[in-house]
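[1] Fold the following and give me the result.
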Amino acid sequence: MESLVGLLSNGYMMAVVIVLVYLFSMVHVIREYERAVVFRLGRLLPAPKGPGLIFIFWPLDRMIRVDLRTITMDVPPQDIITKDNVTCRVNAVAYFRVVNASKAITDVENFMYATSQLAQTTLRSILGEVELDELLSQREKLNIRLQEILDRHTDAWGIKVSLVEMKQVDLPEEMRRAIARQAEAEREKRAKIIHSEGELMASQKLQEAATILAAEPVSVQLRYMQTLTEIGADKNTTVVFPLPMDLLDFFTNRRDATKPKV
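    The predicted model follows:
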C-alpha cells in the first residue's frame, strides 16, 4: 500500500514538473524591434504578436521572429553597358526595413534574398538606359529613381526601401584616359573664351577712354604727368621725355607739303 502511494506521489510530481516545463516553454519575450508571426494549426493569426511577453501554445502554434530594424544590404558590383555602349562596373547599397511582418513571411519565401536579387536586376536595367555622362554627373537623380522602383516592387512584400546609393563606378583604363583628355580640352576651351572676353572688355574700355580724352585735349597732358609720376616713384635711372603727338603731326604734314606734285 505504501509503495502504491509512493508511486502515485512520484507520478504527481512528474506531472507537475512536465506541466511547469510546458508552461515555461509557452512564455516568450519579444524585443521592441521584433514581431512574432504566429501560425496556429497552419493558419496565420490576424496580427503579429509583440513586443513584450507572449504565449505560444506548442505544438499548436509555430512562431517566426521578424526584425523590424533598417537593414543595410550591399549590392554586389554589376557589369553595366550604358546607352552609349560603354562597359563599366557599378556597386550600390540599399537601406530597407520590414513594415508588415505578416506579408514579409507569407507573400515571399525569403524577403532578404528576393530584395537582393531585385536590387541587382533593377540596377542593371536602369543604368543601362542612361549614358555615361549622366551616370557620372546625375547620381542623385538615378539614386532616387532606383529607390522609387525598388520601393514600388517590394511594397507587396511588406518592405519599405528608404534609400539606394551608388557607391562606386569602375571604368576601363582607356575610358579614364579619354575622359581626362576631354576634361583637359574643356578647360582649355573655357580659358580661351575667358581670355577673349577679357580682350573684348579691355578694347571697349579703351575706346571709351579715348573718347573722353579726345573731348578734352588738356587731359592728355595730365595723363602724361601722371605717368611720369608713377615711373619716378621708384629709385631708377630711367629718363622719360614726353613728346607731344601734335609735334609729330606737324613734321609729317610739312614733309607731305614739300613733296613735288606729279
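
[2] any idea of the mean pLDDT for stretch 18-27?
    Average pLDDT, stretch 18-27: 80.

[3] For this protein, which segments count as strands?
    Along the chain, counting by DSSP state E, strands occupy 27-30, 34-40, 43-44, 52-55, 61-67, 71-81, 87-98, 159-170.

[4] Pull the number of nearby residues for Ala94.
    25 (other CB atoms under 10 Å). The way it works is simple: take the backbone N, C-alpha and C, and place the C-beta from them, glycine included.

[5] just Lys83 next, same as before
    Per other CB under 10 Å, the neighbour tally for Lys83 reads 13.

[6] that older thread, same list, the strands of the chain, but as TSV with distance to Thr115 please.
    Output for those, formatted as TSV (distance: least, CB to CB, whole Å):
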stretch	distance to Thr115
strand 27-30	23
strand 34-40	18
strand 43-44	21
strand 52-55	27
strand 61-67	13
strand 71-81	7
strand 87-98	6
strand 159-170	6
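
[7] and of these, who's closest to Tyr113?
    Evaluated over these, closeness to Tyr113 peaks at strand 71-81, with 10.3 Å, by CB to CB.

[8] I'd like the average pLDDT over that closest one.
    On average, strand 71-81 scores 92.

[9] Need the residues that contact it.
    For strand 71-81, contacts defined as CB atoms under 8 Å, 6 or more residues apart in numbering pick out 87-97, 112, 115-116, 119-120, 123-124, 127-128, 168, 170.

[10] what does stretch 128-142 give?
    Here stretch 128-142 makes contact (CB under 8 Å, 6+ apart) with 80-84, 86, 88, 90, 126-127, 166, 169, 175.

[11] which of these are buried?
    Buried members of those, counted by 16 or more other CB atoms under 10 Å: Ile80, Thr82, Val86, Cys88, Val90, Ile126, Leu127, Met166, Val169.

[12] Those residues into JSON lines, with extra columns for distance to Ile144?
    Listed next are those as JSON lines, based on distance: CB to CB, whole Å:
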{"residue": "Ile80", "distance to Ile144": "18"}
{"residue": "Thr82", "distance to Ile144": "19"}
{"residue": "Val86", "distance to Ile144": "22"}
{"residue": "Cys88", "distance to Ile144": "20"}
{"residue": "Val90", "distance to Ile144": "16"}
{"residue": "Ile126", "distance to Ile144": "11"}
{"residue": "Leu127", "distance to Ile144": "14"}
{"residue": "Met166", "distance to Ile144": "11"}
{"residue": "Val169", "distance to Ile144": "17"}
